[in-house]
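Chemist: What follows is a predicted structure for the sequence shown.
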Amino acid sequence: MQAIPAERVVRHRYNPRTRQFYKDETIVKIEKEPFTHGAMRHCYRMKKLATPPQSASNHRFHSYGWSRALNYVAKCYLNEDGTIDTSQHGSDSVLTDIILQYEAAHWAEEFNKSDPPKKVDFIRAYALEFVDRPGKPMFAVERFIAGNDSYGVGFLKHNTNSGYVDTEIRRKTPQVFSAHSFYASEGQRLVADIQGVGDLYTDPQVLSIDFRFGDGDLGPRGMALFFKTFRHCDLSD
């Protein structure tokens, strides 16, 4: 990261209480090449300078430089030719991803109120607009999850928005959480695409009866596909 130039960005942070985005500016360094990708998005390694605390002197704080900057993952949508989508639809898709991550966090809180053996949580995300680049592309950003869980397993996808369920590790908590979100919302929502390290999850997909959460929201069909492979069980793992 040392040789990568810093870039000015506008951060879009979502407030679930007011249901509005708030903007501020920050500085980041992002690698030019993605470290992984999916069918719709590229993922890049990124560092962001932390906001200096009020008690810190400007010189003391900035003397640390990028060596103590936190690690993040930045994700962008792609056009059919593999270039970054800078259209309004691409930007709206990123903002929708941020909203649905907070929606998923809400249902995680509801699940935890039932006092399960293992509580779940979602990493908070926000959007970054690279205002000095052509087209001002928008990226969804969240902290990088590292390490292994208590089973010695690293990052793992437990289920998807189209019925896939992990058949190797066979964790119960992620599957029961998805089912709980459906019943707790009286069939209005189902949080799927559960993945992460341990029970700290990231990048979910919320399914809804009115298809409000982007292209990955398969609606009632996605819910039916989940329950086709879900097995009712006691919650002990």
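Modeler: Everything's here; your move. Keep in mind the model is a prediction, meaning the values are calculated, not measured.
Chemist: May I have the phi/psi pair for Ala146?
Modeler: When read as degrees, to the nearest 10, the backbone of Ala146 gives phi -120, psi 170.
Chemist: Give me the buried positions along the helix ranked longest in the chain.
Modeler: The residue-count maximum for a helix in the chain (DSSP state H) belongs to helix 88-113. For helix 88-113, a neighbour-count test (16 or more other CB atoms under 10 Å) marks 90-91, 93-108, 111 as buried. For every residue, glycine as well, the C-beta is placed using N, CA and C.
Chemist: isn't there a helix covering Arg212?
Modeler: No: according to DSSP: H, G, I helix; E, B strand; the rest coil, the state of Arg212 is coil, so it is not within a helix.
Chemist: tally of neighbours for it?
Modeler: Arg212 sits with 15 neighbouring residues when counted by other CB atoms under 10 Å.
Chemist: From Arg133, how far off is it?
Modeler: Separation of Arg212 from Arg133 (CB to CB, to the nearest Å): 29 Å.
Chemist: residues contacting the closest residue in space to His37 that isn't next to it in sequence?
Modeler: Nearest residue to His37 in three dimensions, chain neighbours excluded: Cys43, at 6.3 Å (CB to CB, 6 or more residues apart in numbering). The contact partners of Cys43, taken as CB atoms under 8 Å, 6 or more residues apart in numbering, are 34-37, 73-75.
Chemist: The strand or helix carrying Cys43 pairs with which strands, parallel or anti?
Modeler: In this structure, Cys43 sits in strand 41-48 according to DSSP states H and E. Strand 41-48 sits in its sheet next to strand 20-30 (antiparallel), strand 36-37 (antiparallel), strand 70-77 (antiparallel), going by DSSP bridges.
Chemist: Report all helices and strands that the longest helix of the chain contacts.
Modeler: Here helix 88-113 touches strand 7-15, strand 70-77, strand 121-122, strand 125-129, strand 138-143, helix 173-184, strand 189-192, strand 205-208, going by 3 or more CB pairs under 8 Å, 6 or more residues apart in numbering; DSSP states H and E.
Chemist: which one of those is the most hemmed in?
Modeler: strand 189-192 (a mean of 28; mean count of other CB atoms under 10 Å).
Chemist: List the contacts of the residue positioned nearest the centre of the chain.
Modeler: Nearest to the mean C-alpha position of the chain, by CA atoms, centre = their mean, lies Asp203 at 3.1 Å. For Asp203, the contacting residues are 75, 97, 101, 142, 193, 195, by CB under 8 Å, 6+ apart.
Chemist: The second one contacts Gly214, doesn't it?
Modeler: What that stands for is Asp97. Yes: counting by CB atoms under 8 Å, Asp97 does reach Gly214; the two are 6.7 Å apart.
Chemist: Let's see the pLDDT reported for Cys43.
Modeler: On the pLDDT scale, Cys43 is placed at 95.
Chemist: Sounds good, over and out.
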